[in-house]
Structures are given as structure tokens and as C-alpha cells.
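Participant: Predicted model follows, preceded by the sequence.
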Amino acid sequence: MRSLRRFAARLANLVTGRRHDQRLLEEMEQHLALQTAENLRAGMPSSEAHRQAALKFGAIGAIRERHREEQSLPFFENLLFDLRYAARMLLRTPGFSLTAIVILALGVGATTAIYTVIDATLLHPLPYPNPSELVRVEDNLPGVGAQHVGISVPEWRDLASSGIFQSVAIAGQGANVNLTGASQPLRLSFKQVTPSYFAVLGVGAQLGRTFNPRDNTPGYNLEVVVSDGLWRREFGADPHIIGKALLLDNDQYQVVGVMPRGFRDQGSTSDEQNVDLWLGAGFAGVPFAPPSRSYRHQSRIVIGRLNPGLSVPAAQARLNALVESLKKQYPADYPVQTAWAVRLIPLSETVVGGIRQLLFLLFGAVALVLLISCVNVANLLLAKASVRAREIAVRQALGAQRRRLIRQLLTEVLLLFLLGGIAGFAVLFSTQHYLVRLIPPSLPHENDIAIGWGVLAFALAVSGAAGVIFGLAPAWLMSRVDLIGTLRQEGRGSSGSRERSHLRHLLVVSELALSLVLMVAACLLLRSFWHLFQVQPGFNPERVMAVQTWLPGPNDPTTDPYQTPAQESVLLREILRRCRTLPGVEDVAIGDEAALPLGHSSPARLPLLREGIETMDNQAPVIDSPTVSPEYFPLLGMPLLRGSLFTDRDRDDTPQVAVINQAAARTYWPNQDPLGKRVRLRLDTRGLAGPATPVWTTIIGVIADARTESLADAAIPLIYRSSYQHAAKDLAIFLRGHLDPSALPAQVRQQVQAIDPTLPVFHAQTLREILSDSLSVRRFSMELVAFFAATALLLAGLGIYGTISYIVSEQRRDIAIRLALGAQRGKILNMVLRRGLVLAAAGAGIGLVGALLVARLMAGLLFGVSPADLPTFAAVTLVLTAVTLAASYIPALRAMRVDPITTLHSQ
Amino acid sequence: MAEKSDVPQGTLALMVLKTLDLLGPLHGFGIARRIEQISGDALAVNQGTLYPLLLKLEHEGAIASDWGTSENNRRARFYRLTRAGRKQLQTETGDWERTAAIVARFFAARTEDWS
């Protein structure tokens, strides 16, 4: 406590110290004057009087010094002094300071930008209390190669009562619902969730309540929770909204709560996060199928909150035991060969998922840029060291301690780095609105990316740490000057210079190596992207637009005007007929959302039961299954390989038919003819709405594989069924021809709503746009890495240029002597260029090894190019060599033009 | 010339306070001269060390200073004892006397007192 008070007093003295010191000095002088006067009166001669007074008084300087040390904090005083001095030094060489600050701002700014993205996505992926307790529960049937097969309601109840979880919830993935009654029917994103959903997430409502976790209504409980955004947008933040009725898909729901402003649903895409409505459902009554262990809720996810203190591995172990006992209890539902297993995955991982590797790559790339910029600045500092050797030698000769010198030099470097960091942050901060727009919206938590205090702290910490690391060596070397030699030789040939030039070479070589690594990474990504861009997608996206609509799906199927395929096909045929009359339209087709190439977030997967092989859902592999109208394949240019396509004559009451792709034929009927084979897809027995006995579907055709699911994957098995035989709620209308993208959506809306005014029409996009969007994250990362690589190359070029220039100016005298002795100028040029090449060769050698390692790490991000792609490596090495040569050429020319007479005279 | 003795820590402050107590407001040079006179030139103390001490005592509130005019008409800073300083002087004088008495008793003790 006492020392604290003393510290505070001393800190105050930092400010008032000068005043006190002044007063001390005045009084002492006055004392001396009085004493001298008295001595004079005593009869001493004036000089003696003065001397005696001073003797009696003692050393003024020493007394003042001691007083100051007692009363102040020498550390802070020195720091202030050093900072003042450093600022003066930086201002004295504005060119150098500005260059260094710009380079550092680039490095720190880029690193901070990527950190901002990582901070929002990887570090804080779940905006819920105790996020480490949250897990995704995933059901797999590894025995038949089926993953994410979904959970059955009895299994969900088993999990809820297992004692492993505080609560478990089933949630439908984001889907659409029509809000009618407004001026235009609205299509809103909703999630159907078990009432335990908000209990799992641990978030309450800002107004009203969330669902009662103990609510056991088997079907929809007709309660709805709305998002803050929807509440403000559509209901004007009405404080009396609780209890009001909403008409969703022709059903009346009662609003029970409004979620708080910052609440986002879990999920990785902004589509999943921007859910506006949550409907409570038990998943076990109309309109869902009755609960049964063999009825799995495909394309729904299960999340749970583990009991406090239970780790994921421990919970997994208990879950495995539960699964084993259930298998014994219900052997008929869990055939041995399917090897049913339930896996727990931390929820944060599933949110970030595939983006993690990409972000690590970006962070690695940006860290390399930072490293290179620091190396560059260290290099500049070393170059400056030789200029300042004399100053430092003089200061040492005057008695400055070495430690004190290092401290002062380090302060200078740190000030430089911190200024660079602040500049980088300032640029980032002022351009953030522009930068955020560059981020593809499919990045998880894109909306949460913000530049705040945490980011500033990161920028300062990074630049401070970099300053210490990269400033120590130059400061240490700078302080190691040979006093006498330096003073006598006017700063040339000091003993530190050899070490310094070694260090400089090392720095340049590492710069070259690092930039080579970055360039290889960028080139590989670029080639991957190019391959993806050039890949034959297997369908023709040119001149095609897709417009989506959504048919209401009321909870009571008998009130659904589009309940049966027969009812729906009337609507579909009418839409097709009307759209064909639109200006410029040549062909029209219809499919469900799953048929939208590369444009659907979650595929509709169904168990595939082959006749004579599988007998129940629980042992069947799952397959993606879009429904399409007969015009779909010709419109998208997907060639039929064998058999035939759907026709307009397919109906509810004609035999059920399906078309598969080659991948499905290869996977499920290897070495057989799939034509005429019969299958069943689980949805055929859909709840109460479907026929009592499932019917067989016959395969009538095989089409060529197309990359409709993922550009990077050519062979995903697909089974297509006719829209006229299977009703779908999520519809996409495909139009081909000379279309006007700005006018078409309104025209289609007009036509669709002329048939049924309650149908919303939304998401009009050209297939080219959809295709390009599907590559957006890849493009984003490729562009960033390419930008970083270009920066690195530029910095490395500058580094080479600086080093060679320095060598040339250091060896001016040497060169002059050689020239005077008759050396040819061409030889001099060669000699200097060779220096550059040697550095480049060393850098490239190390860099190639590093690049091989890095390329192997990023193999998962590559497409159509091997991690050890020879042309890439060769080209990059060539570019690096060319840049090195170009950068050495200017100083080499200067060396060649040295005039021996003036040079030798001047030294 | 007789051996000059060092000043034990804190004693100089006590001397300053006592001097001001006896003589009223004085400037620095005056204080130094009084201490010198009273101690009879036996103290090996540089007069210069007095000034940091005065600054410190003023900082602690034991003394205060005002501008005044010295005997030969120069502007000088005059120090005077504050109420807190007087109190401090009393306690320190007491402490000092007690300590001195104890030490004196030790010196006065004879061999038989130890048995």
C-alpha cells in the first residue's frame, strides 16, 4: 500500500518533476550567493570566497541527480526520453520511416483483416451460453455406407431420457413457408423444431415465451416464435403481438414469443441463420408419420446440450453403450449388417465445418506476408545501421552503456512497428464497409464480422511482438560497433558490418523462400479454380434462368389444394403453358429445389430400397432424389445414355418411373443393366398422405453424370422422378431463351399468381449466377492468396534490390579499383547479377521444400491439380528468378557505371 | 581539526524542525548556518543536502514556505513549521529522548548490574 502511494507520488513527479528541480536549483544558487557574500565580508578574495562556498555546499549536480532518482521513476523517464529521441530520429529520415510504416501497415493490416474473419467464425462460432456443451447428434449406417440418415422419434425419446443430455431437440433444416394475408404472399424461412429447441440453445424470448420444453403435442402445436427482424419488419415492433394469429401455409398459428435482437439460429450459412419463424412440432403426428423406429427423419438435424461437466468423448462412450443395448432390444429395427451408430460432434465444428481448412490457409498465407514485411523492415533497419554506426560509436565513446543503447534502439524499432500497426488498423477500420462486401455471403457468420477493440488489441499485440522479435537482432548488432575503427574510418568497415551483411543475406533468402511458398500456394489455388471454372458441368447453364415458388403445405393434408400429384400436375402444366408464352422464352421446365443445379443447400435424401436386396428403410443406403418435369433434361442439355426419359403421359395412375444417372447405375447396379429394375423410395409411404401400400418405381432411363450437386464432384448418385407422379412443395421454374433478367421475375410472378394469387415468387437467378455463387468462397480465397503472393513477391523484390544496392555501394571502391586495373564493365555487371542469382537460388531451394510441404497440407482444397504439380513449381521458380534479376539489374548497372577516378579520389 | 561525525538517518530532519521551532521562519541559508553553529562545526554534512530535505519535508506537510525578503534585501524562500510539523517534532523528540535514555542507561551500567 505504501509502495503504491510512493509509486503514485513518483508518477505525479513525472509531470511536476521539472518544476521541483527548477526550484531546487534556484535555492541552491541563492544559498551559494549568500555564502559567497558572507565569505567576502569575512575578507576572502572573490575567487576564493566562491570556491569555499562551493566546497562547503557539495556537488550540486550529484545532489540534484540523487534527489531526482529518489523522487521519480527512472524507467519511465528514460522511456519518455527514448520515445522523444526515437520520434526525432524517425522524422529525420522520413523516407525510410514512411517506407517501413507502409510495409508494416500492409502486413499487420492484412493479418488483422483475416484475424477478424477468424475471430467471428472459428473463435466465436456459437452465440449461445456454454457453447462447449452443445453437440450435433448424427445417425449413420456405416454398414450400408449411409450417413446423416436422420433420427426416429422413439430414438429421440431414448436420447432425451438417457441422462446424457440436459435436453435434445430435432430441428428441420431451414425451409420455406408462405405468410399470406399481406399485400404480397411472403415466403419466409422457417424451422420446425421440437419444443425443447430453445432449451437446448439456452436462449429465452425478449417478448412472450419460447416453447414449453415439456409440450408433448405429437404434430404441430400451432405455436410460433418469430425473430426480432421479422417482428420489426412486418409487424412494426408491435408490443401486443403475443397471442395474435399468423396464417402460415393456410394454417393458423399463434405467436407466443419474439426472440431477442442478436439471436441467430445455428447453422453455417446465412440462409440457415436468418430463420424468421420457429414452429413447434413433435414430429410424431399429423402431418408427420406415426412414430416408428424404422421411420427416420431424414434431412432434419438433432442437437443436444450435454449435462454440465460431461465431456464429448465421455458422452460418446455412454451413448455407444445405449446404442448397443437398443440394438439388442430391437434387433428387427437395427439389422446387424447396417451397423447403426450415433456420433456426437461439437456443434461449433459443424457450424464452421469445411471452411476451417480454408481459413487456416488464409491465415497461414497472411502470416507469411506479415513475416516477409517484418523481414523487409529488419533489412531496412540493418541498412540504416551502417549509416548510424558513427553516431552510435560516438555515443559509446561518451560513456553510453551498451544495454542502454540497445534499449534505445529497440524503442525506436518498436515505435516504428507500432506506428505501422496503428496505420494498418486505421486503414482497415476506415475501409471496413467496403471490405466486408468482398466477403462471400456463404461464409459462416458473415454478419458477425466486425472490427472492434479486440481487433485493435490484436493489431497492437502483433505489431509489438513483431517489433521485439525483428528489432532485437538489428539493435543488438547496431550496438556492437568497433569504437576506434568506426571513428577513425568514418563509419566504413566497422567490425559489425560482416555480421550485418550475413544477417541481411539470411533475411533476403528467407524472404525469397517465403514468397515462393506463397506463390506456389496461390498458383495451385488459381489452377484449381480455373479447372473448376472450365470443367464441363455436364449441363448447359447458358441462357437459363430459375425462378422459385412455394406451394403451401397445410397441416391437415385434406385441406391441401395440391395434395396429390394429380392435383398438383394441373398447376404445373398450367405454369409451364403460361411461361412458354412469355417473350423470349423458348423452353420451360419445372423441378423441385433439389433439381436446381448447385443451388440447393441441402439435398433431399431418401433411402433406396432395391427390389430383392433391401427390405426396410433402416438398412437402405440413402440417395439424393430430385423431381423434374419431362422438359428438364433436354432444357439443361443432359444427354440420355440408355432407355427413355419421362413424358407428359406419366401420371399418378400410370406405373411409377425413375431416371438415374450413371453414378447411381455404377454404384447400385454394378455390372448389371439397371433398366427395368425396381426400387422403392421411403417417401412413397409418406405419412397419412401416401398410399397404404408402397408402390414400386421402375427405372426407365440412364442419363450422363452431371455436376449438379458439386462442381468438384462428378459422380454423385442421383435418382430423378417425375414431377407429375410426385408432389413437391418447393418448386423451381427453369426458363431458357433470350431472357431479360430484370423483367422476367415480374412476368413469371404475374403468370403464376394469375393461377393462384397466394403463391410467392422469389429467388430469380440465372444458372450462370448460381454457378458463380457456388464458387464464391473458392474465388474469395484464391483472390486473397493471389493478392498476398503478389505482395510477397513485391516485398521480396524490394528486399533483393535493397540488399544488392547496399552491396554495390559498399564495394564501390573495390569496383573502382578493378575498373582502374582494366576490368571490363560487362564483367562487373555479371558479378553483381551473380550475387543476386546466388541469393535467389538459395531462397528458391529452401522455398521449394517449404512449398512442397504446404501444398501437401492444402491438398484438400485443390481440384484437378496435384500438390506437386511440376509446371506450377517450375513457373513460380522462373518468375522468382526473373524478379530477382530485374531487381538486381538497376544496382548492377550503377556498379557498371562507377567512375574509377572520382570514386578513388573521394575516398 | 576534530573528526567530524556523520549524521544518522532522519536526524537532520529533526534538526531542521527544531531550528524552525526555536527561531521561527528562516530561509535555507539561515537554517544551514544555525545547524552549523549549534552543532559547533562537528557535523560532516554538505550544506547542499539540506535542500532536497526541505523539499521533502514541505511535500510531507511538516513545513511550509513563503516568499520573503532576507536581511540583505534579497528575495528568498522562508520556511516555517506547520501544525503537523510541530506535532511531528514533539513525537520525534520524545522518541529520540527515549532512545537516548535507553542507550545512556546501557553505558552507565556497571558489571555488577549484569549478574
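Facilitator: Yep, it's here. Numbering: from 1, shown residues only, chains lettered A, B, ... in the order given.

Participant: Quickly find the element holding residue 22.
Facilitator: Unless you meant another one, I'm taking chain A. Per DSSP states H and E: residue A:22 is located in helix A:2-41.

Participant: that answer is for a different chain, and I need it for chain B
Facilitator: Once you assign secondary structure using DSSP H and E, residue B:22 falls within helix B:11-23.

Participant: now stretch A:189-209, how far from the chain's geometric center?
Facilitator: 28 Å (CA atoms, centre = their mean, to the nearest Å).

Participant: what does chain B put close to chain A?
Facilitator: Within reach of chain A by CB under 8 Å from any CB of the partner chain, chain B has these residues: B:27-29, B:32, B:46-49, B:51-52, B:54-55, B:70, B:72, B:74, B:76-77. Heads up, the C-betas are built off the backbone N, CA and C, glycines and all.

Participant: List the neighbouring strands of the helix or strand hosting residue A:139 plus their orientation.
Facilitator: Assigned by DSSP H and E, residue A:139 belongs to strand A:134-140. Applying DSSP bridges, strand A:134-140 is found paired with strand A:300-306 (antiparallel), strand A:341-346 (antiparallel).

Participant: Make TSV from the ones you listed and add mean pLDDT and mean neighbour count to it.
Facilitator: TSV is the format used below for these (pLDDT from 0 to 100; neighbours: other CB atoms under 10 Å in any protein chain shown):
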stretch	mean pLDDT	mean neighbour count
strand A:300-306	90	23
strand A:341-346	91	17
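
Participant: Please identify the buried residues of stretch B:50-59?
Facilitator: B:50-55, B:57-58 (16 or more other CB atoms under 10 Å in any protein chain shown).

Participant: hang on, I meant stretch A:900-907
Facilitator: Counting neighbours by 16+ other CB under 10 Å, stretch A:900-907 gives A:900, A:903 as buried.

Participant: Can you report how many residues neighbour the closest residue to chain A within chain B?
Facilitator: Across chain B, no residue is closer to chain A than residue B:46, which sits at 2.9 Å (CB to the nearest CB). Residue B:46 has 16 neighbours, counted by other CB atoms under 10 Å in any protein chain shown.

Participant: Likewise for residue A:708?
Facilitator: When neighbours are counted by other CB under 10 Å, residue A:708 comes out with 24.

Participant: Quick check: phi and psi on it?
Facilitator: phi -80, psi -20 (degrees, to the nearest 10).

Participant: what do you get for the one 4 residues further on?
Facilitator: When quoted as degrees, to the nearest 10, the phi and psi of residue A:712 stand at phi -80, psi -10.

Participant: Which residue would you name as the spatial centre of chain B?
Facilitator: For chain B, residue B:15 is the residue whose C-alpha lies nearest the centre (CA atoms, centre = their mean; 0.9 Å).

Participant: and that residue, what does it touch?
Facilitator: In this structure, residue B:15 makes contact with B:35, B:38-39, judged by CB atoms under 8 Å, 6 or more residues apart in numbering or on different chains.

Participant: Now for whichever residue of chain A sits closest to chain B, how many residues are close by?
Facilitator: Proximity of chain A to chain B (CB to the nearest CB) peaks at residue A:58, 2.9 Å away. Using other CB under 10 Å, residue A:58 has 16 neighbouring residues.

Participant: Likewise for residue B:97?
Facilitator: Other residues close to residue B:97 by other CB under 10 Å number 11.

Participant: Helix, strand, or coil at it?
Facilitator: Classification of residue B:97 using DSSP: H, G, I helix; E, B strand; the rest coil returns helix.

Participant: for it, what are its contacts?
Facilitator: So residue B:97 contacts nothing (CB under 8 Å, 6+ apart).

Participant: distance of it from residue B:85?
Facilitator: 18 Å (CB to CB, to the nearest Å).

Participant: Over to residue A:556?
Facilitator: Residue A:556 sits at a distance of 96 Å from residue B:85 (criterion: CB to CB).

Participant: for residue A:216, same thing?
Facilitator: Taken as CB to CB, the span from residue A:216 to residue B:85 is 84 Å.

Participant: One more: residue A:877?
Facilitator: Taking CB to CB, one finds residue A:877 at 83 Å from residue B:85.

Participant: Check residue A:253 too.
Facilitator: Going from residue A:253 to residue B:85 by CB to CB gives 83 Å.

Participant: cool, and residue A:279?
Facilitator: Taken as CB to CB, the span from residue A:279 to residue B:85 is 82 Å.

Participant: Per-residue pLDDT of residue A:448, please?
Facilitator: We have a pLDDT of 67 for residue A:448.

Participant: now residue A:173
Facilitator: So residue A:173 comes in at 67 (pLDDT).

Participant: And for residue A:816?
Facilitator: On the pLDDT scale, residue A:816 gets 88.

Participant: Secondary structure class of the closest residue in space to residue A:744 that isn't next to it in sequence, three-state.
Facilitator: Nearest residue to residue A:744 in three dimensions, chain neighbours excluded: residue A:545, at 5.9 Å (CB to CB, 6 or more residues apart in numbering or on different chains). At residue A:545, secondary structure determined by three-state DSSP is strand.

Participant: Show me what residue A:545 is bridged to.
Facilitator: residue A:735, residue A:766.

Participant: ok, the closest residue in space to residue A:350 that isn't next to it in sequence to residue A:277 distance?
Facilitator: The shortest distance from residue A:350 to any non-neighbouring residue, by CB to CB, 6+ apart, is to residue A:136 (4.7 Å). Note on residue A:136: its distance to residue A:277, by CB to CB, is 22 Å.
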